[in-house]
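# pasting the sequence and the predicted coordinates here, then a few questions.
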Amino acid sequence: MIQLQNRLPAVALATAFALSLAACAAFDPELRSDSPKDPTLTGVPVPAAAETQAVGTARSDAADDPEIWADPRDPSRAVIFGTDKKAGLYVYGLDGEVRAFLPEGPLNNVDLRPGFLVGEREQVLVAASHRTRGGALLFLMDPATLEVKTWGLASAPVSEPYGLCMGRRGEDTLVVVVGQAGDVRQLRVAAEQGRPTWVEEQAFAVGSQAEGCVIDDATGALYVGEEAKGIWRYSIDPAKGGARTLLEPAPGPRLTPDVEGLTLLRDSGKTYLIASSQGDNAFAVWRVAGEAADYQGRFSVAAAGDVDAVTGTDGVAALGGPVGPYAEGLIVVQDDADTEGATGGVVRELQNFKLVDWRAVKSALEIDPAAP
């Protein structure tokens, strides 16, 4: 466990872990990202608002997926989680500085749910897919101190844990793990005598390589991205038996494979699904309600100030409502190639996460949450 004030050791730990991987780098199939190297931004440009420090693993496809937490009583108290899929889990402040690092090995996707009871105390349950340990590695964050600790592993026998998302169904907390081959397991997770317990509720196959997923707690919809095929809508109700509907095909005018990160944002009672279209450096947005999906447009994250543009995005996270200075919501996206400055500086050969103001996206795409 690394506490929040230990900032310099966090970076040092990440760097040390990255160096320890160098000996086996020649055998690593993901030394380079599978994303395209064409820097063309095909969506409506939206300026980047800020960025995080880069993850410690250099010269590799390492940064993967973010998630956001904000204190509902004091939204200035907010943190961003981000995975380094070679090394572990980062905790960032909204200023982009590393606040903590947990060197837990190759973690791919991350999600969270607040209000998780351990004993009589509410904690923030954070889960990340662990690519070698075969399931979801669980963390607890104390919302009072923002201290993060590793809690335990919920095993899920999938091909290789890639995607992960969390949800709520009544009082139950769910973790969905998506294997690289598109095999999916849904777990119900709880705390018993201070330790994690879990039960598998359903299993199904998407069909081919998949990763990104997100759960709409309000409707019970589970969205899964099949990287070369599109976005599917399932249900977290095991009685549905893996029944699904294709929300958007890929390749197509709105999604260029790979279909990667998926996230939901709620604004003024409306819910928006955001998907990273990795193949053309863009993000597609739908307003979703039940079986309906109303396409809103596509945006790309453009350079602004000292922050470079976003290309080849993998993971994406969003949180509606006030998040620090982001009065109506924040979007955080992975950037495949972080550079020094916005005007074509030297490539660091590192990856990081960019912050985007939801108000800027709404303005660019002319989204009006008050519209019927």
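Sure thing, it's come through. Numbering: from 1, shown residues only.
# show me where pLDDT drops low in the stretch 101-250 of the chain?
For the stretch 101-250 of the chain, not a single residue meets the criterion pLDDT under 70.
# now the strands for it?
In the stretch 101-250 of the chain, the segments counted as strands under DSSP state E, counting those that start in this stretch are 107-118, 121-130, 135-141, 148-155, 161-169, 172-179, 183-192, 195-205, 210-216, 221-226, 230-235, 245-249.
# closest to Thr42 out of the ones you listed?
The closest approach between Thr42 and any of the strands of the stretch 101-250 of the chain, judged by Cβ to Cβ, belongs to strand 245-249 at 15.8 Å. Backbone N, C-alpha and C define where each C-beta goes, glycine included.
# sorry, back to before: TSV for the strands of the stretch 101-250 of the chain, including mean neighbour count and distance to Ala284?
Supplementary listing: the strands of the stretch 101-250 of the chain in TSV, determined by neighbours: other Cβ atoms under 10 Å; distance: least, Cβ to Cβ, whole Å:
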stretch	mean neighbour count	distance to Ala284
strand 107-118	21	19
strand 121-130	24	23
strand 135-141	24	27
strand 148-155	18	31
strand 161-169	24	18
strand 172-179	24	19
strand 183-192	19	22
strand 195-205	15	24
strand 210-216	26	12
strand 221-226	26	11
strand 230-235	22	9
strand 245-249	16	7
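# ok, Pro253 to Met166 distance?
31 Å (Cβ to Cβ, to the nearest Å).
# equivalent analysis for Gly135, please.
In this structure, Gly135 and Met166 are 14 Å apart, going by Cβ to Cβ.
# what of Glu97?
Applying Cβ to Cβ to Glu97 and Met166 gives a distance of 26 Å.
# helix, strand or coil for Gly279?
Each residue gets one of three states, and Gly279 gets helix by DSSP: H, G, I helix; E, B strand; the rest coil.
# find the residue closest to it in space, skipping its chain neighbours.
If the residues on either side of it in the chain are set aside, Gly279 comes closest to Thr256, at 3.3 Å by Cβ to Cβ, 6 or more residues apart in numbering.
# show the contacting residues for that neighbour.
When contacts are counted by Cβ atoms under 8 Å, 6 or more residues apart in numbering, Thr256 is found next to Thr42, Ala250, Ser277, Gln278, Gly279, Asp280, Ala282.
# what do you get if the cut-off is 7 Å, keeping everything else the same?
With contacts defined as Cβ atoms under 7 Å, 6 or more residues apart in numbering, Thr256 is in contact with Ala250, Ser277, Gly279, Asp280.
# so it, which state does it fall into?
Using three-state DSSP, the structure places Thr256 in coil.
# show the backbone phi and psi for it.
The phi and psi values for Thr256, taken as degrees, to the nearest 10, are phi -120, psi 120.
# check what pLDDT it gets.
Per-residue confidence for Thr256 comes out at a pLDDT of 97.
# begin at 38, not 1, for the rest of this chat.
All right, first residue 38 from here; so that's Thr293.
# how near is it to Leu302?
Thr293 sits at a distance of 22 Å from Leu302 (criterion: Cβ to Cβ).
# go on, Leu292?
Note on Leu292: its distance to Leu302, by Cβ to Cβ, is 18 Å.
# same thing with Val155?
Spatial separation of Val155 from Leu302 under the definition Cβ to Cβ is 28 Å.
# can you show me the helices along this protein?
In the chain, the segments counted as helices under DSSP state H are 44-57, 395-402.
# for the last one, name the packing helices and strands.
Helix 395-402 is packed against strand 81-84, strand 329-339, strand 366-376, with contacts defined by 3 or more Cβ pairs under 7 Å, 6 or more residues apart in numbering; DSSP states H and E.
# so what's Arg206 up against?
So, once contact is read as Cβ under 7 Å, 6+ apart, Arg206 ends up touching Gly257, Ile273.
# who does it form a beta bridge with?
The residues paired with Arg206 through beta bridges, assigned by DSSP bridges, are Asp209.
# what do you get for Leu283?
Once the bridges are assigned, which here means DSSP bridges, Leu283 pairs with Trp269.
# likewise Asp121?
Ala100, Gly125.
# my read: it touches Ala95, true?
No - using Cβ atoms under 7 Å, Asp121 is not in contact with Ala95, being 10.7 Å away.
# please identify which of the two sits among more neighbours.
A count of neighbours by other Cβ atoms under 10 Å puts Asp121 above the other of Asp121 and Ala95, at 27 against 16.
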